[in-house]
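Colleague: Quick check, what structure comes out for this input:
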Amino acid sequence: MEGNSIKLLTGNSHHDLAARVAARLGVNLLDMSVFKYSNQETSVIMRESVRDEDVFILQTTRPGDDLNDHLMELLIIIKACKTASARRVTAVMPNFPYARQDKKDKSRAPISAKMVANMLQKAGCDHVITIDLHASQIQGFFDVPVDNLYAEPLTLRYIRQNLDHENAVIVSPDAGGAKRATALADRLDLNFALIHKERSRPNEVSRMTLVGDVAGKVAILVDDMADTCGTLCKAAEILVENGAKEVVAIVTHGILSGDACEKVEKSRLSRLVVTDTVPHEDKRKRCSKIETIDVAPTIAEACRRTHNGESVSFLFNHVMV
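Modeller: So this is what the prediction gives:
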C-alpha cells in the first residue's frame, strides 16, 4: 500500500463481506457504530479520524424491509465522512439499489436509479465501485467516476473448474441478457441459446420459447440477478424438455426474495450459483442447491488499485486468487 492506508467502513448490510475485504487488504474495519434511535432514525458514530484519508464504504443492499435502511445508512456514512474532512469517499456497492428502474418504460414511471445517483453525489460521494449493473447506462447517471466490475471472470473460472464445459451450451433466460451470454459463450468457445419470454405482468412469465439446440448438453443459464427465480425455474423446465442433460444457473446477485429458495429446491435446476454481493447464508439453509462464489478478492483489489492510482480495467478479464 502506498501513502496513507485505506480506511474501510461498512454499515449493517453485509459485515461478513466487508470483513473479508478488509482481511485481503490487510487493514482493520474502521471502529464505528450504525444504529437506529427509537423513532427509527439512523445514526452513525465514528470513533476514528478520517481527516485527509482515502475512505471506502462497503454497503450493499439485501432483500427485505431493510433495503431502504441500508441505502440511508450509506448516505449518512458518506455525509459523516465528508463532514469529518475525508480526502476522498468511495461508495463500494456490490449490488446497486433500484438498478432495474433505469428508464421510463411506461407512463409516469420514475427513473429511480438516477435519483439514487443524485442522492449519493449530494451526500458527497466522489467515486462508485459496483458489480454487474443491471443496465450499464446507469454509469451515465453520475458526474463522478463509476467502476462497474464484471463477474464474468469469476463465472468463467467456476465453469472451467466445476462443470463439463466442453459439452455445454450457454443460455440466456431472456433477450435482455443475450449480450452477456454471447460474450461468455465466445470466451468459452461454446454455442449459445436464448429463451424468449412473454410477461403477463411484472415478475410473472406467461410463455417461454427456446431458440437454439441444448439436446444432450449441460445448459448453463447466466443472468445478472435472481430475484423471485420464476424465470430461471421455468427456463430450466423448458431446457430439460428440450433434451438438456443438466441445467445450472449462474447469476451475480442472488436476491432470492419471497419463496425463491423453495422454488429452486423443487425446480429442474441442479444448482444455482451466486456471488456473495448480497448476503444469503440464511437462503443456503433453505435451499441445498445454492453455491457461492466469493467476490471479496475482486472488490479488495479494486479498492487497492483505486487507492494506488492503478488501472481497474485489469479486473475485467482477470481473477484474483
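Colleague: which residues of this protein fall in strands?
Modeller: 6-10, 32-36, 42-46, 54-58, 88-93, 127-131, 146-149, 168-172, 191-201, 204-211, 218-226, 246-254, 271-275, 290-293 (DSSP state E).
Colleague: Tabulate these (a markdown table), appending mean pLDDT and mean neighbour count.
Modeller: Every C-beta, even on glycine, is put in place using the N, C-alpha and C of the backbone. Output for the strands of the chain, formatted as a markdown table (pLDDT from 0 to 100; neighbours: other Cβ atoms under 10 Å):
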| stretch | mean pLDDT | mean neighbour count |
| --- | --- | --- |
| strand 6-10 | 97 | 25 |
| strand 32-36 | 95 | 15 |
| strand 42-46 | 96 | 15 |
| strand 54-58 | 98 | 26 |
| strand 88-93 | 98 | 25 |
| strand 127-131 | 98 | 22 |
| strand 146-149 | 98 | 20 |
| strand 168-172 | 97 | 26 |
| strand 191-201 | 81 | 15 |
| strand 204-211 | 77 | 13 |
| strand 218-226 | 96 | 24 |
| strand 246-254 | 97 | 26 |
| strand 271-275 | 98 | 24 |
| strand 290-293 | 97 | 18 |
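Colleague: Ok, which of these comes nearest P110?
Modeller: Within the strands of the chain, the stretch nearest P110 is strand 191-201; the backing value is 18.7 Å (Cβ to Cβ).
Colleague: Who are the contact partners of the residue nearest to D52 when sequence neighbours are not counted?
Modeller: Leaving aside its chain neighbours, D52 sits nearest to R87 (4.8 Å; criterion: Cβ to Cβ, 6 or more residues apart in numbering). Taking Cβ atoms under 8 Å, 6 or more residues apart in numbering, we find R87 in contact with 52-55.
Colleague: Ok, which of the strands of the chain comes nearest M119?
Modeller: strand 88-93 (10.7 Å).
Colleague: Pull up the pairing partners for that closest one, direction included.
Modeller: Strand 88-93 has the following strand partners under DSSP bridges: strand 54-58 (parallel), strand 127-131 (parallel).
Colleague: Pull the distance from it to the chain's centre.
Modeller: Per Cα atoms, centre = their mean, to the nearest Å, the displacement of strand 88-93 from the mean C-alpha position of its chain is 16 Å.
Colleague: just the CA coordinates of that strand, formatted as CSV?
Modeller: C-alpha atoms of strand 88-93 as CSV (Å, rounded to 0.1, in the frame of the first residue of the first chain):
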residue,chain,number,x,y,z
ARG,A,88,-12.0,11.1,-1.0
VAL,A,89,-15.1,8.9,-0.3
THR,A,90,-15.7,5.9,-2.5
ALA,A,91,-19.0,4.0,-2.2
VAL,A,92,-18.4,0.3,-2.8
MET,A,93,-21.9,-1.0,-3.7
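Colleague: I'd like the strands of the chain as CSV, with distance to D102 appended.
Modeller: Converted to CSV, the strands of the chain look like this (distance: least, Cβ to Cβ, whole Å):
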stretch, distance to D102
strand 6-10, 26
strand 32-36, 28
strand 42-46, 26
strand 54-58, 23
strand 88-93, 15
strand 127-131, 13
strand 146-149, 13
strand 168-172, 19
strand 191-201, 17
strand 204-211, 20
strand 218-226, 12
strand 246-254, 15
strand 271-275, 21
strand 290-293, 25
